[in-house]
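*Asks:* this one's sequence-less:
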C-alpha cells in the first residue's frame, strides 16, 4: 500500500505546508514557527521536487489479478518472480527504466536509447502453472534478438521458470515467465 504513494509527493506536500507556516509565522513575527518553516519546510519541499524529477512510475497491470491467480501465485511463484512483480509495481527513484540492469546484463540494452521499456504486467495461469507476462515496447530490438536471448532470459530469471518470447506487433515484445517447478520445491533443500 505505501509503495503506491510517491515519496516525492509526500515531501512536496509536507515541505510546502511547513514552508507556508514559516512564511505566515514570519509575517506575524513568531520566531519558532518561522524557523521550523524555513529550516525544515523549504529543504523538504526542494527534496520532494528533486525526487519528482528522478521518479519512475510503477508499471500498470494490464488487468486486475483475480483471487484464484493470487492463490496460485502464493503457491507457485518463485522468489525472483515475486521480486520482479514487487519492484516494477512501485515508485522507483534514480533509475532510467524498470529492469534496466537486467536488460543490460541480458544484452538487450546496448545503449540507453535502445533500451526496451516495460509497459504492462499481467499475471495468468498457463497449463495450471503461474505465469508473469511482461510487455515491452522495443522498437530498436527485433524479435529475432529477443528469441536468441530466450535461453539466457530463462537462466537469468530462473531457476524454476521457462521464458517464452512472442511478438505482439513490430514494436512490442511479450516475455512470459512460466513456473515449471513450484516455489515450495525450490525452497526446500536436502538436509
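*Replies:* Good, I have the coordinates. In this text the structure is predicted, and so the values were computed from the model without any measurement. Numbers count the residues shown, from 1 in each chain.

*Asks:* From now on I want contacts and neighbour counts done on CA atoms only, so please keep to that.
*Replies:* Will do.

*Asks:* Can you report how many residues neighbour residue 151?
*Replies:* By other CA atoms under 10 Å, the residues close to residue 151 number 13.

*Asks:* And it, which helix or strand is it part of?
*Replies:* In the assignment (DSSP states H and E), residue 151 maps to helix 150-157.

*Asks:* Flag every buried residue along that helix.
*Replies:* 150, 152, 153, 154, 157 (16 or more other CA atoms under 10 Å).

*Asks:* Might one say that the first one is in contact with residue 165?
*Replies:* Yes - with contacts defined as CA atoms under 8 Å, residue 150 counts as touching residue 165 at a distance of 6.9 Å.

*Asks:* can you name the two of the buried residues of helix 150-157 that are farthest apart?
*Replies:* 150 and 157 (10.7 Å; CA to CA).

*Asks:* could you give the mean pLDDT of the longest helix seen in the chain?
*Replies:* When the chain is parsed with DSSP state H, its longest helix is helix 7-27. Regarding helix 7-27, the rounded mean pLDDT is 90.

*Asks:* again, but for stretch 154-170
*Replies:* Stretch 154-170 comes out at a mean pLDDT of 86.

*Asks:* and if you look at stretch 111-122?
*Replies:* Stretch 111-122 carries an average pLDDT of 85.

*Asks:* cool, stretch 43-53 as well?
*Replies:* Computed over stretch 43-53, the average pLDDT equals 91.

*Asks:* chain center to it, what's the gap?
*Replies:* 21 Å (CA atoms, centre = their mean, to the nearest Å).

*Asks:* Equivalent analysis for stretch 151-168, please.
*Replies:* The chain centre lies 18 Å from the centre of stretch 151-168; the measure is CA atoms, centre = their mean.
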